[in-house]
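Q: Here's a sequence, model it:
(chains A, B and C)
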Amino acid sequence: MGSKAALTIRTVPKSAMQPLRDSLINWYHQWGRDLPWRQTLDPYAIWISEIMLQQTQVKTVIPYYQQWLKTFPTVQMLAVADQQQVLKLWQGLGYYARARNLHRAAQIIAEEWGGQFPDRLNAVLQLPGIGKTTAGGILSAAFNQSVPILDGNVKRVLARLTALSVPPKRALSELWQVSEQMLDLKHPRLFNQALMDLGATVCLPKQPSCERCPWSEYCQAYLLNLQSKLPMSEPRSPLPHKQIGVAVIWNDQNQVLIDKRPQKGLLGGLWEFPGGKVEAGESIPDCIQREIKEELGIEINVGDHLITVDHAYTHFKVTLTVHHCRHLDGEPKPLECDEVRWVSLSEIETYPFPSANQQIIDALHQQAL
DNA sequence: CACCCGTGGTG
DNA sequence: TCACCAAGGGT
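A: Model (predicted):
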């Protein structure tokens, strides 16, 4: 019962290795992408790009990358920055642990490596936020070292090349072997970049352009006409949907109350408007009043509806129903968060907020006009 | 190893 | 509206 398909993989013949490398690098010279982080050999800049590109599309990354290097041009500048400034610069990119780890790693590099990004695989892998794929990306791009990579693009290309019979997640060690065997030891930088570009521009998830692919005559998926079926994907369960009541609490100085989320967990280190989950049979105003008492230990009066925000995270969806509230009594205490603060509408822009909360801020500005 | 961790674009 | 997707790593 529940038996899964056996793992089969059509390994690349030895005789095909060099022709595959040569044709890919030739293709890259004509069709490879000209990206900002390919105009430098500075390992710091390349590191920043690799972290930003984790689970994030090139088009989204480019403006963040430019702004980041303008603000923090060196490891040292990043190491001495405030975490809040780092998170503010990262605001909107998501997966905020990447920014926290980047900041921590910069401090480690400053202390242990004299501010020079290390060039040895073992040292690089020790840094927080850097796994095998990112380490290979940095070392091959910055130092032209022969270290393989296995990101989403490469997984897809290699799964098709070998007609892998299971989802890539189920065959990671096999795919790493293929990536390592295929790697062109004479041109590791070019080869790894070419492999990623092939996945990003030709070997697309849907409707791959096999007629433009330098590898089609060796591609087992193409030869078996399975290119649109591969790689195999895992079924996903539907996302739970949570109803959240949120408070914009005003005091007599025309300030609003915000709180900083704990470092660990969802949106760690970012600020937000306080609130919480609506319980069964509970009204939104009752929920807001209860949550604010529990989280901040204060009494409020729940007033007009401000905005409703729908947002999807990786593992669940939320509907934020936001109300204006009036502070009545008690000093706000950080009972379930790191910090609480009263801020004016003009100061609020300097704090890092998650996207769903940014919509609330936009609505406040809109309403103030 | 299964689960957690964001966001914006797309059909 | 919704499912799926995009240069993964930490626990």
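Q: rest of the way, CA atoms for contacts and neighbours
A: Fine.
Q: quick one: residue A:62 is in a helix?
A: Yes: judged by DSSP: H, G, I helix; E, B strand; the rest coil, residue A:62 forms part of a helix.
Q: Distance of it relative to residue A:203?
A: Between residue A:62 and residue A:203 the computed distance is 22 Å (Cα to Cα, to the nearest Å).
Q: who's more crowded, those two?
A: residue A:203 (27 against 17; other Cα atoms under 10 Å).
Q: what are the ranges of the strands in the stretch 101-250 of chain A?
A: Along the stretch 101-250 of chain A, counting by DSSP state E, counting those that start in this stretch, strands occupy A:241-250.
Q: thought residue A:311 was touching residue A:356?
A: Yes: taking Cα atoms under 8 Å as the definition, residue A:311 is a contact partner of residue A:356 at 6.3 Å.
Q: More neighbours: which of these two?
A: Neighbour tally, residue A:311 and residue A:356, criterion other Cα under 10 Å: the higher count belongs to residue A:356, 19 against 14.
Q: Spit out the contact partners of the more buried one.
A: Residues in contact with residue A:356 (Cα atoms under 8 Å, 6 or more residues apart in numbering) are A:309-311.
Q: now do residue A:320
A: A:243-246, A:308-310.
Q: Just the buried ones out of the residues you listed, please.
A: For the contacts of residue A:320, a neighbour count by 16 or more other Cα atoms under 10 Å gives the buried set as A:243-246, A:308.
Q: Next, format those as TSV and append distance to DNA strand C.
A: Listed next are the buried ones among the contacts of residue A:320 as TSV, based on distance: Cα to the nearest atom of the strand, whole Å:
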residue	distance to DNA strand C
A:243	13
A:244	16
A:245	18
A:246	19
A:308	11
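Q: Quick check: buried residues in stretch A:256-273?
A: A:256-262, A:267-273.
Q: Same check on stretch A:17-26?
A: For stretch A:17-26, the neighbour count (16+ other Cα under 10 Å) marks A:20-21, A:24-25 as buried.
Q: Out of those, which sit inside helices?
A: Using DSSP state H, the members of the buried residues of stretch A:17-26 that fall within helices are A:20-21, A:24-25.
Q: Next, count neighbours for the residue of the stretch 251-369 of chain A found nearest DNA strand C.
A: Relative to DNA strand C, the nearest point of the stretch 251-369 of chain A is residue A:314 (7.0 Å; Cα to the nearest atom of the strand). Using other Cα under 10 Å, residue A:314 has 6 neighbouring residues.
Q: Could you report the pLDDT at it?
A: Listed pLDDT for residue A:314 reads 88.
Q: do the same with the one 4 residues further on
A: Residue A:318 is assigned a pLDDT of 95 by the prediction.
Q: wait, what's in contact with the nearest residue to residue A:106 once chain neighbours are set aside?
A: Leaving aside its chain neighbours, residue A:106 sits nearest to residue A:79 (4.9 Å; criterion: Cα to Cα, 6 or more residues apart in numbering). When contacts are counted by Cα under 8 Å, 6+ apart, residue A:79 touches A:103-104, A:106-107, A:110.
Q: if you set the cut-off to 10 Å instead, what comes out?
A: Residues in contact with residue A:79, defined by Cα atoms under 10 Å, 6 or more residues apart in numbering, are A:72, A:86, A:102-111, A:115.
Q: List only those of these flagged as buried.
A: Burial by neighbour count, 16+ other Cα under 10 Å: within those this picks out A:72, A:86, A:102-110, A:115.
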